[in-house]
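A.B. asks: Got a predicted model here, sequence first, then my questions.
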Number of protein chains: 2
Amino acid sequence: MEADHGCMSMFFYLLLFFSLFLNLFFLFPSAFQQLILRPGELTWTKEASTVAETVAAITCSGHGLAFVDGVPGTESLPVCECNTCYGGDDCSVFDLDCFADVESGDPMFLEPYWKKHASISAVVISGWHRMSYRTDNFITLIELENHIRLLHSHVGNAIIDDKFIVFGVGSMQLINALVYALSSETSTPATVVAAVPYYNSYKSQTLMFDSKSYDWKGDAWNLSDTIPTNLVIEFVTCPNNPDGQLNKPVLNGSSVIYDHAYYWPHYTAIQAPADGDAMLFTMSKVSGHAGSRFGWALIRSPSVYEKVLEYVNLNSIGTSHESNLRMLTIIKAMLAEKEEEPVDDIFGFGKKIMSERWKRLNDIVSLTKRFSLQSLDPLSCTYFNTQIDPSPAYGWLKCEMEEDEDCYAVLKEGGILSRPGSHYGDSGRYTRLSLLKGDDDFQMLLLRLSNIVGVNVLEQEYTGSDSDKIV
Amino acid sequence: MEADHGCMSMFFYLLLFFSLFLNLFFLFPSAFQQLILRPGELTWTKEASTVAETVAAITCSGHGLAFVDGVPGTESLPVCECNTCYGGDDCSVFDLDCFADVESGDPMFLEPYWKKHASISAVVISGWHRMSYRTDNFITLIELENHIRLLHSHVGNAIIDDKFIVFGVGSMQLINALVYALSSETSTPATVVAAVPYYNSYKSQTLMFDSKSYDWKGDAWNLSDTIPTNLVIEFVTCPNNPDGQLNKPVLNGSSVIYDHAYYWPHYTAIQAPADGDAMLFTMSKVSGHAGSRFGWALIRSPSVYEKVLEYVNLNSIGTSHESNLRMLTIIKAMLAEKEEEPVDDIFGFGKKIMSERWKRLNDIVSLTKRFSLQSLDPLSCTYFNTQIDPSPAYGWLKCEMEEDEDCYAVLKEGGILSRPGSHYGDSGRYTRLSLLKGDDDFQMLLLRLSNIVGVNVLEQEYTGSDSDKIV
C-alpha cells in the first residue's frame, strides 16, 4: 500500500511538474520561440494589422468613419469623419437645418457591402511591394487584367475576347486618352460631341486640353443633319448619366467611345454583352471604390490600343500599384461569390438598394404635378435571369411648373443640393439627383423632398440598406 | 504533523487542479473565448496578413521577388519575377550573355532598405477604406500633406511655409498641369523650353497634348539672345537629369518650373532650401516607390495652385487613396528615424550606395581615354552637416573617340543598354547610364563596361549594397 501511495505521489508530482512547465511555456512563449516552429504566427504585418483593426473599431455612431490616414485626435487615434448633416466627435449630432447633398455621383451605397466582407477584401502591402515603375506587364498587371476579363465574362456585360485592355487612373483619364488616340489617326482636327443630356467631363476635359487635334462641338444632335468632312468622335453613355437611358449613337459614321460606367446589374438590366470598338469601364461604379482611381478601356483596334497606352504612359506612367493590388483583391472577392445565387452577391446587394431607392423617390414625386422623373421600364436581365425593375444611379428631375425655369434653384430653396441640367448641356428645367450615395444622404433627400411636396416622409415605409457591421 | 501533511496535500491538489485548468485554457482557447477579452487578437486582417507573409517568405534566390498580385505558379503561390539576367523558377539561373540594362531611372537601389524596415512600412487597407472620390480635404489628404511638409523641413531642401501643395499621379502628371496653369494666365500661346541636356518628358508631354495654348520650342539656349513677346515657360531640373548638374534658369524673365525630383541627400548635397515659385517633387526618387505614382508640386501663387488643382481633378479626379495611405506610412517610417544619426537613415543608406557606385564607375572609366563622365565636385551638405562626395543618379557618359559618334550604339555593342543623348536633346556622343537600379543591374554594368575598357572587374573591390533580408 505504501509503495502504491509512493507511486501515486510520484505520478502527481510529475503531472504537476509538466503542467507547470506547460503553463510557463504558454505564459512566456518568447523564451521558447527559438526552440520551436510556430506556423501561422504573424511577424512584420502584426503592427499594421493591429492599427487597422483598432481604427476599424471606432464606430462614429454609424454616421461616419475613422480612417487609418485620418487626422489624429485624442490618444493619437484618427478622428471620425462624419457624413453630411452629422457632427460631433462621434458623429452623433444631427443637424436638422442641413442641406440634403445629392450632387455628386459618389457610390457610397456599396460601403456597407465591404464592411460585411471585411476579411476577404482586406489587403496587406509590404514596404517593398512593386516599387518599380514596371509591373509584370509594362503598365498593366497580368492577374488584374485576367480578373477584369473574368468579371466581364461572369456578368456578361461585355465581349472581351477580341479586345485589348488599358488601365487608367479612373476611366476619367481614359476619356481624353481615347480622344487623343482616335484623333491621331487623321490629319484634320476631329470633332468631339455627345448627345444632350451628356456627362459633363467629355466637354470639360476636351476644352481643358484644348488640343490642336480636336475640338468640342457640343450636342451630337446638332450634327445629325450634316455630313461632316472630318472625323467625328461621339461619346455614347449607356446607361446614360444623368438619365439612365440605354443610349445609342445618334450620328452615322462617327467614331464611337462607349462609356459603360453604369452597365452593371446594380443600375440596369444586362440585355446583351456590349461589343463597341472602344469602351470605358470604371471600378468606381462596380465595387464602389471611387477613391482608388482605377478604370479600364476595352479596345478592339491594335493601333488605337497602342496610342491609348502611350497616352497613359506619358500622362502618368500608368496607375498606382497599390490601387492595382487592391482592385485585384476586390474583384477576387466579388468573383468568390459567383457560386452563390446572384441575388446574394454584390450585384444583388446593390440592385436591391438602388431599386428600392428609385421606388421611394417615385412614390414621393408621383404625389405632385410640380415634378416629374425620367420614365424607365422593367427589362429582362440575363444576369439575374428574370425581368427586373429599374434601378438607375440618378433621378433626372424635371420642374413642370411654368415659373420653375431653374429647377436646381427650386430644389436648393427646399434644402436639396443637386446638379443642374445646364451641366449636362440641357435645359435648366432639369436637375440631377444622385441616388447612389450613402444611406444618410438618401434619407435626407427623402426628408427634404417630402417637405417640398408636402407629405410626411415618416409615414412612408422604407427598409433602408442593411446594417454596416464589420463581419 | 498529520494536519500539516493534510494541508500540504490539499495545497498540492489545489495547485495541480489550477495548473491543469490553466493548461486546458491555453490548449483550447476557443472554448473560453466567449468568457474573456483577448486584446491584440487579430480577426479580419489575419487572412491578408498570412498571405502577405507567406509570399514575402519566397526568396527567389535574392535575384527577384514574388508579389501578392503576381501570376500564380505551383500551389497557387505567385511566381518569382526575376531581375534582368536571372531566370528559372527561383531566379537562380544567371544568363552570362545578357545585356546590362541601365536604361531606365527605376530607383530600385532603395528596395533593400524597405525589406530591412518591414514592420514600420507595412500597410493594411480595409475593403471600405476611403471609397469616396473625396478625402478629408478634396483631392489632397491632410495628414499626408502635413507629413510632406515635415519631410521637407527635416531634410531642409525646400521652403514650404508660403507654398500650396497639390498631389499628382507622379510628378509626371504635374508637368503638363503646371504648363497648363502657367499658360492659362496669358492670351497668346506660351513657349515651353528646357536647357539641353533636358529630361525628355517635358518635350514628349508638351508635344503629345499639342495644346493651342503652348508650344514646345526645344533648347532654352536657343532663346537666350532673343526677347520673346509671349510667355516663356522654362523647365529647370536641379540636380539635372541626366547629368546631375545644379542647373539654374538660362533665360531672363521666364516662368520657371523647377523639377527637384533628385534634390534629396541620396543624390546631391543639400546646400540651401529651394524656394522656386513652382517646384516638382516625386516619391519615386525619395523613398524609391516609383510604382506608387505619387508626386507633388509646391506652388507659391494661389491662382496657379487653383489651376493645377483643377487640372488634376479633371484629368484623373486626384490620386489613388491606396497610394496616399501607403505614402503617408512610408514618410512616417522615414521620419521615425530622424532622432538617429543621418548616416543611418534612408538618406544615409541611399547616399552610401550611390556614392560607392559613382566611385566604382569612375574607377573603370578613368582607365580609358575612350570615355569620360561628367565632372562633379564634393560639396558641403547641410543635411549630413559635412562635405560629401558626389553621388549622382546617372552617369552622363561621353564617347571621346572621333569615330564613336553614336555612343549608345558603342555601349550596346558592348552589351550595355543605356539611353542615348538624343533623348535629352543632346549629341549622340553622350549616353545616360542609370546608377539607381538594383544591385544586379549595377554589377552587370560594371562587368560589361570592364570588358569594353579591358579590365577585370573581379579584381576591383566593391562592398555592394547591404543584404536584403526582411527584418
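C.D. replies: Yes, it's here. Numbering: from 1, shown residues only, chains lettered A, B, ... in the order given.

A.B. asks: going forward, measure contacts and count neighbours with C-alpha atoms only.
C.D. replies: Will do.

A.B. asks: Which pLDDT value goes with the one residue sitting closest to the centre of chain A?
C.D. replies: Geometric centre of chain A, nearest residue: residue A:288, 2.1 Å, by Cα atoms, centre = their mean. Per-residue confidence at residue A:288 stands at 98 (pLDDT).

A.B. asks: now stretch A:426-433: how far from the chain's centre is it?
C.D. replies: From the chain centre to the centre of stretch A:426-433 is a distance of 24 Å (Cα atoms, centre = their mean, to the nearest Å).

A.B. asks: Next, the distance between the ends of it.
C.D. replies: From its first residue to its last, stretch A:426-433 covers 15 Å (Cα to Cα, to the nearest Å).

A.B. asks: Name the residues that touch that stretch?
C.D. replies: Contact partners of stretch A:426-433, identified using Cα atoms under 8 Å, 6 or more residues apart in numbering or on different chains, comprise A:102-103, A:196-197, A:242, A:394-400, A:404-408, A:418-422.

A.B. asks: before we move on, the earlier item: roughly how far does the residue nearest to the centre of chain A sit from residue A:66?
C.D. replies: Counting by Cα to Cα, the gap from residue A:288 to residue A:66 is 18 Å.

A.B. asks: looking at this, the residue nearest to the centre of chain A is in a helix?
C.D. replies: No: Residue A:288 is assigned coil when assessed by DSSP: H, G, I helix; E, B strand; the rest coil, not a helix.

A.B. asks: Relative to residue B:93, how far out is the residue lying closest to it once chain neighbours are set aside?
C.D. replies: In space, and not counting its chain neighbours, residue A:288 is closest to residue A:107: 5.0 Å by Cα to Cα, 6 or more residues apart in numbering or on different chains. Using Cα to Cα, we find residue A:107 at a distance of 48 Å from residue B:93.

A.B. asks: Ok, residue A:147 next?
C.D. replies: Taken as Cα to Cα, the span from residue A:147 to residue B:93 is 31 Å.

A.B. asks: higher neighbour count, these two?
C.D. replies: Here residue A:147 and residue B:93 are compared on neighbour count by other Cα atoms under 10 Å in any protein chain shown; more neighbours surround residue A:147, at 17 against 14.

A.B. asks: Helices of chain A, start to end?
C.D. replies: For chain A, the helices defined by DSSP state H occupy A:2-27, A:46-56, A:111-116, A:118-121, A:142-155, A:170-183, A:200-209, A:283-286, A:302-316, A:321-335, A:346-365, A:407-413, A:439-453.

A.B. asks: The closest residue to residue A:123 other than its chain neighbours: what's it in contact with?
C.D. replies: Leaving aside its sequence neighbours, residue A:123 sits nearest to residue B:125 (Cα to Cα, 6+ apart; 5.2 Å). By Cα under 8 Å, 6+ apart, the contact list for residue B:125 reads A:52, A:122-125, B:322.

A.B. asks: Distance of residue B:125 relative to residue A:136?
C.D. replies: 23 Å.

A.B. asks: Residue A:316 reaches residue B:175, doesn't it?
C.D. replies: No: counting by Cα atoms under 8 Å, residue A:316 does not reach residue B:175; the two are 9.7 Å apart.

A.B. asks: Pull up the per-residue confidence for the residue nearest to residue A:123.
C.D. replies: 98.

A.B. asks: How many residues are close by residue A:360?
C.D. replies: Around residue A:360 there are 17 residues (other Cα under 10 Å).

A.B. asks: quick one: pLDDT of it?
C.D. replies: The predicted local confidence for residue A:360 is 98.

A.B. asks: what's the answer for residue A:468, then?
C.D. replies: Note for residue A:468: predicted pLDDT of 47.

A.B. asks: Next to chain B, which bits of the stretch 251-400 of chain A? Give me the list.
C.D. replies: A:288-294, A:311, A:314-323, A:325-326, A:328, A:330 (Cα under 8 Å from any Cα of the partner chain).

A.B. asks: and the residues you listed, which are buried?
C.D. replies: Among those, those buried by neighbour count (16 or more other Cα atoms under 10 Å in any protein chain shown) are A:288-294, A:311, A:314-323, A:325-326, A:328, A:330.

A.B. asks: Domain parsing of chain A, as residue ranges.
C.D. replies: Per automatic domain parsing, the domain ranges recorded for chain A read A:56-98, A:101-111+A:342-459, A:142-335.

A.B. asks: Is the first one in proximity to chain B?
C.D. replies: Yes: Domain A:56-98 comes into contact with chain B when judged by Cα under 8 Å from any Cα, the residues involved being A:67-71, A:81.

A.B. asks: re the thing from before, could I get the domains of chain A in JSON lines, plus columns for distance to residue B:111?
C.D. replies: Below are the domains of chain A laid out as JSON lines (distance: least, Cα to Cα, whole Å):
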{"stretch": "domain A:56-98", "distance to residue B:111": "24"}
{"stretch": "domain A:101-111+A:342-459", "distance to residue B:111": "34"}
{"stretch": "domain A:142-335", "distance to residue B:111": "15"}
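
A.B. asks: highest average neighbour count across those domains?
C.D. replies: Of all these, domain A:142-335 has the most neighbours on average by mean count of other Cα atoms under 10 Å in any protein chain shown, namely a mean of 21.

A.B. asks: Quick check on residue A:317: phi, psi?
C.D. replies: Dihedral pair for residue A:317: phi 50, psi 50, per degrees, to the nearest 10.

A.B. asks: who touches it in this structure?
C.D. replies: A:133, A:139, B:170, B:172, B:293.

A.B. asks: ok, now which ones touch the closest residue to the fourth one other than its chain neighbours?
C.D. replies: So the one you mean is residue B:172. Once flanking residues are discounted, residue B:172 sits nearest to residue A:316: 5.4 Å by Cα to Cα, 6+ apart. Residue A:316 is in contact with B:169-170, B:172-173, B:293, counting by Cα under 8 Å, 6+ apart.

A.B. asks: of these, closest to residue B:224?
C.D. replies: Distance to residue B:224, by Cα to Cα, is smallest for residue B:172 among these, at 26.6 Å.

A.B. asks: Nice, that's everything, thank you.
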